[in-house]
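# Attaching a predicted model along with its sequence, questions to come.
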Amino acid sequence: MRMHSATWIAFGAAAVFGFWMGCIVTPPDGKYACASDQDCGGGGYVCTPAGAGPRFCCKPSGAEVCDGQDNDCNGAIDDVAPDSCYTGTQNTAGVGLCHAGTAACADGGSICVGQVVPVTEICNQADDDCNGRIDETFNLKVDPLNCGRCGVGCSAPLRCEDGGCAIPIETNCGDGLDNDGDRATDCADSDCATLACGTGCVCRNFQKVETVCSDGQDNDSDTQADCADNDCDGGSCGTGCVCNRGGKLETVCDDGQDNDTDTQFDCSDTDCNLLSCDAGCQCRGGQGAETVCSDMKDNDGDSFTDCLDSDCDGGMCGTGCLCRGGQKTETICNDIADNDGDSQADCADSDCDGGSCGTGCVCSGGQKTETNCLNTSGDEDGDGNANCNDPDCLGKQCRTSPSRNCTAIGVCG
């Protein structure tokens, strides 16, 4: 409660009188009224400005702070400068919803009015924790309370899957849990058909099936691993290896490797019988056998090439060529080609003696010989004479009904 000027004068007089009597009388609020600085008796005291309320003697102590005192002696208490202030985490002001406020005093202490500082992120499409990201702690694809967007929840039995409320489907088929709540777990749940039930394991027919057959692991937990598990029958047990009836079979027979780990490799392994041991090579009887007999290569590595290799006996050495007794033999005798490479072609090659040189034509003595002498036939041996006009036809049938033979040149008797 403030006193009138007459009251302050009375207190002033009492104070002076008290000073003369050896004591000082202090006003109830500790403030001495004044009209000018001279009234305050020096010592750094000044009279507060007019217009700021009743004037009183005040000794400045510095800038105004929130302590219930008029530190700057401007006649007002705790009127701190309205400076910008921020008490949130460093480097968050101006990020997301966070911003600075204005400094002020309250209850004898300093406060920051109007500031917004980081708070725990909530799903509201705003950056509440002021870290530069919005709603980052919420997975809208699976959050049952915020499915697809904030505030959208899924009611049982629906679940949030891929951002939408849907009937739950088991997708993790190897964790031993009933993830979709249908009382069926992992491969026993029809949802898991054809899905992985772990490394090297897939669900089939409501059971776990081993699919990796070369890692030494019991991937489907049935106490059997790799080829010992009948799930692996026909499956790969490694490079050049296939599982077969609980065992391993070698399938690559030209790499010098014991692919099925039975101490035998390539053609020496009975698994490789009749399989390829390289281009132009087939495993037979525990050894490689030459199968291509026209490429000038020692395909089976026995130092013999093409027809010189006994493996090729009876085999083709090219078009119109057959290997016989370690040699090339001409077999097509009417293509005007030296098929066996001996510089003789067709009937001129002794290989063709007795062989066909075309319809109605047989090689004989290095020459073409007419064999069909019927009137309806032509000049089959190409010597310019047909039927009985060809000496080759003497004594041969030239008519069928009645039957007649060539009895002389040009005569079908």
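On my side now, so go ahead. Numbering: from 1, shown residues only.

# Distance-wise, check residue 81 relative to residue 62.
From residue 81 across to residue 62, the span is 13 Å (Cβ to Cβ, to the nearest Å). (Each C-beta comes from the backbone N, C-alpha and C, glycine too.)

# So for the two, which sits in the more crowded spot?
Counted by other Cβ atoms under 10 Å, residue 81 and residue 62 do not tie: residue 81 has more neighbours, with 10 against 7.

# residues touching residue 397, list them.
373, 374, 403, 404, 405 (Cβ atoms under 8 Å, 6 or more residues apart in numbering).

# Sort the residues you listed by pLDDT and name the bottom one.
The lowest pLDDT within the contacts of residue 397 belongs to residue 374, which sits at 88.

# What helix or strand is the nearest residue to that one once chain neighbours are set aside located in?
Excluding its sequence neighbours, the residue lying closest to residue 374 (Cβ to Cβ, 6 or more residues apart in numbering) is residue 398, at 6.1 Å. Residue 398 is part of strand 397-400, with elements assigned from DSSP states H and E.

# For the stretch 101-250 of the chain, which segments count as strands?
Taking DSSP state E, counting those that start in this stretch, the strands of the stretch 101-250 of the chain run over residues 101-106, 109-113, 159-161, 164-166, 196-198, 201-204, 207-210, 236-238, 241-244, 247-250.

# Residue 30: which of the ones you listed is closest?
strand 101-106 (19.6 Å; Cβ to Cβ).

# and the angle from the closest one to strand 109-113?
Counting by axes from the mean of the first three to the mean of the last three Cα atoms, to 10 degrees, strand 101-106 lies at 150 degrees to strand 109-113.

# Give me the contact list for strand 101-106.
66, 78-86, 110-116.

# Now which of the residues you listed would you call buried?
Among the contacts of strand 101-106, those scoring as buried are 66, 78, 79, 80, 85, 86, 111, 112, 115, 116 (criterion: 16 or more other Cβ atoms under 10 Å).

# any idea how far the nearest residue to the second one once chain neighbours are set aside is from residue 113?
This means residue 78. Using Cβ to Cβ, 6+ apart and skipping residues adjacent in sequence, the residue nearest residue 78 is residue 105, 3.8 Å away. To residue 113, residue 105 is 10 Å away according to Cβ to Cβ.

# Could you chop this structure up by domain?
233-312, 313-348, 353-413 (automatic domain parsing).

# Just send those domains back as TSV, with distance to residue 227 too.
What follows is the domains of the chain, written out as TSV (distance: least, Cβ to Cβ, whole Å):
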stretch	distance to residue 227
domain 233-312	4
domain 313-348	37
domain 353-413	54
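
# any idea how far residue 358 is from residue 371?
Shown here: residue 371 relative to residue 358, a distance of 10 Å by Cβ to Cβ.

# list residues touching both of the two?
residue 380.

# For residue 122, grab the count of nearby residues.
14.

# what sits against it?
Shown in contact with residue 122 (Cβ under 8 Å, 6+ apart): residue 128.

# Next, find the distance separating it from residue 144.
16 Å.

# just residue 105 next, same as before
Counting by Cβ to Cβ, the gap from residue 105 to residue 144 is 47 Å.

# How about residue 245?
The spacing between residue 245 and residue 144, counted by Cβ to Cβ, is 50 Å.

# who has more neighbours, these two?
residue 144 (14 against 9).

# Which residues are in contact with the more buried one?
153, 154, 159, 160.
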